[in-house]
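Participant: Prediction below, plus the sequence it came from.
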Amino acid sequence: MSSLRPVLLPWIRQFSTPRNQTATIQIPSRREVIQEAIFVQMLRFERRRTERSGKQLMLVLISSEHFRGKAGCILANSVVATLATRIRETDVLGWYERDKTIGILMTEIGNGDDVTVEIIMNKISCALENNVTSDKARFLTVTYRLFPHTEEILSGKRARDTFYPDLSTRRPRNMQTETAKRLMDIFGSLLALIVFLPAIVVITLLVKLTSEGPVLFSQERIGRHGRLFRFFKFRTMHVNNDSQIHREYVTKLIAGEEDPKANGGIYKLANDPRITPLGRFLRKSSLDELPQLFNVLMSDMSLVGPRPPLPYEYERYQVWHKRRVMELKPGLTGLWQVKGRSRTTFDEMVRMDLRYASTKSLWTDCTILLQTPAAVLSGRGAR
């Protein structure tokens, strides 16, 4: 406990104000709470800071469906007044979601262990329970999240994206660009399916005739905002194979212990015994990727974007690696495929994806799509 004193002492002092002491601070109004757009932007900055430093931050969320209207104003004022005199000067109080959720953004919480979190949450809950003057105080819900996430591995169909409200679907950054990109995905994938229909029929027959098992291979991959989806490819491996060989390779690759050049590129295992003879050709030519055009039509993927990771790959990601999953919809091709896939490390690949995220446009997508055939013919564009 001695190591926790520097972290906990400000909290204990803030929440230990005697009950009979008269408050001299004027109750703030709802307008004095940091507005949603500013609060979310501050959350984004602190998230980036944590990615660099590795120091955890904590977000406490006080939610109620009764924050709206005149009665909601009274409830919100009471909540804000209670919290404003009890949080540290370095903490930030604002609307995480306007008229629905008030957030407390906390940095410098030590290692975010269970003892620290329990003390903070108990003090906040008790303060709200004993000091909020509203008949609707019983409807308040208090939750918290730590970043980096301590329990972020996918639960159900969606990852917990509390720390990414600036990227969530309820706050599109550029609706016109997103709409135009989606239209390009729809028309582009439909055109590609028509053009490659003869090849799809031939490959379907060859896969069925040359090895036992289904024609299509599907598995769960992680898409934008951490959403799981079914990913389709033509089957290039023997059925009932052991994935352990790939798990071990990916673990070393992400940790920087595996040289992608020794295997022909990122995610390409040399002499992989699980691959069929036809599968080697399909992978080399990227023809095994054609079924992903249906993923594009279903909006799980885009024509241009990062490679969608497997759940066990995502578990090995560093904090900053995860931005490529949260910020971008996965794609059939991307910047790293056309810029020398076989010559990049995993970290360099992630940096390319993040660079694409910060500069993406329809022109960039068109440029990457036009460069993809040359990358495929050279063997760099296959996944």
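Facilitator: Cool, got the structure.
Participant: which other residues reach the longest helix along the chain?
Facilitator: Using DSSP state H to define each element, the chain has its longest helix at helix 175-195. Contact with helix 175-195 is made by 172, 200, 290, 293-294, 296-297, 299, 302-303, 361-362, 365, 369, as judged by Cβ atoms under 8 Å, 6 or more residues apart in numbering. Where you see a C-beta, it was placed from the backbone N, CA and C, and this is true even at glycine.
Participant: which parts of it are buried?
Facilitator: Across helix 175-195, burial judged by 16 or more other Cβ atoms under 10 Å covers 181, 184-185, 188-189, 193.
Participant: Need the CA coordinates for it. PDB is fine.
Facilitator: Below are the C-alpha coordinates for helix 175-195, written out as PDB (Å, rounded to 0.1, in the frame of the first residue of the first chain):
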ATOM      1  CA  MET A 175     -20.000  12.000 -44.000                       C
ATOM      2  CA  GLN A 176     -19.600  13.000 -47.600                       C
ATOM      3  CA  THR A 177     -16.300  11.300 -48.000                       C
ATOM      4  CA  GLU A 178     -17.500   8.200 -46.200                       C
ATOM      5  CA  THR A 179     -20.600   8.000 -48.500                       C
ATOM      6  CA  ALA A 180     -18.500   8.500 -51.600                       C
ATOM      7  CA  LYS A 181     -16.100   5.800 -50.500                       C
ATOM      8  CA  ARG A 182     -19.000   3.400 -49.800                       C
ATOM      9  CA  LEU A 183     -20.500   4.000 -53.300                       C
ATOM     10  CA  MET A 184     -17.100   3.400 -54.800                       C
ATOM     11  CA  ASP A 185     -16.900   0.100 -52.900                       C
ATOM     12  CA  ILE A 186     -20.300  -1.000 -54.100                       C
ATOM     13  CA  PHE A 187     -19.800  -0.200 -57.700                       C
ATOM     14  CA  GLY A 188     -16.200  -1.400 -57.800                       C
ATOM     15  CA  SER A 189     -16.900  -4.700 -56.100                       C
ATOM     16  CA  LEU A 190     -19.900  -5.400 -58.400                       C
ATOM     17  CA  LEU A 191     -17.800  -4.600 -61.500                       C
ATOM     18  CA  ALA A 192     -15.000  -6.800 -60.300                       C
ATOM     19  CA  LEU A 193     -17.400  -9.700 -59.700                       C
ATOM     20  CA  ILE A 194     -18.800  -9.400 -63.200                       C
ATOM     21  CA  VAL A 195     -15.300  -9.200 -64.700                       C
END
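Participant: The following helix or strand past it - what's its average pLDDT?
Facilitator: Moving toward the C-terminus from helix 175-195, the next helix or strand (DSSP states H and E) is helix 197-210. The average pLDDT within helix 197-210 is 95.
Participant: Helix or strand next in line after helix 197-210, which one?
Facilitator: As assigned by DSSP H and E, the chain's next helix or strand after helix 197-210 is strand 216-222.
Participant: Sketch out the low-pLDDT regions of the protein for me.
Facilitator: Applying pLDDT under 70 to the chain picks out residues 1-32, 149-161, 168-174, 258-271, 340-343, 379-383.
Participant: In the contacts of helix 175-195, find the pair that's most separated.
Facilitator: Greatest spatial distance among the contacts of helix 175-195 (Cβ to Cβ): Pro172 and Ile200, at 33.3 Å.
Participant: who's more crowded, these two?
Facilitator: More crowded of Pro172 and Ile200, by other Cβ atoms under 10 Å: Ile200, with 15 against 12.
Participant: and the more buried one, what is it in contact with?
Facilitator: Contacts of Ile200 (Cβ under 8 Å, 6+ apart): 193, 290-291.
Participant: okay if I get these as TSV plus distance to Asp99?
Facilitator: Below are the contacts of Ile200 laid out as TSV (distance: Cβ to Cβ, whole Å):
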residue	distance to Asp99
Leu193	45
Leu290	47
Pro291	44
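Participant: Relative to Thr116, which of the residues you listed is nearest.
Facilitator: Compare each of those with Thr116 using Cβ to Cβ and the shortest gap goes to Pro291, at 48.2 Å.
Participant: State the distance from the closest one to Phe217.
Facilitator: 9 Å (Cβ to Cβ, to the nearest Å).
Participant: Next, show the common contact partners of the two.
Facilitator: By Cβ under 8 Å, 6+ apart, the residues touching both Pro291 and Phe217 are 232-234.
Participant: Save these as a markdown table, and put in distance to Thr276, neighbour count and secondary structure too.
Facilitator: Shown next, in a markdown table, are the shared contacts of Pro291 and Phe217 (distance: Cβ to Cβ, whole Å; neighbours: other Cβ atoms under 10 Å; DSSP: H, G, I helix; E, B strand; the rest coil):
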| residue | distance to Thr276 | neighbour count | secondary structure |
| --- | --- | --- | --- |
| Phe232 | 17 | 21 | strand |
| Lys233 | 13 | 21 | strand |
| Phe234 | 11 | 23 | strand |
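Participant: Helix or strand: which one has the most centrally placed residue in the chain?
Facilitator: Among the residues of the chain, the one closest to the centroid is Met326, at 2.6 Å (Cα atoms, centre = their mean). Per DSSP H and E: Met326 is located in helix 323-327.
Participant: From the contact counts, what lies against that helix?
Facilitator: Contacts defined by 3 or more Cβ pairs under 8 Å, 6 or more residues apart in numbering; DSSP states H and E place helix 323-327 against helix 346-359.
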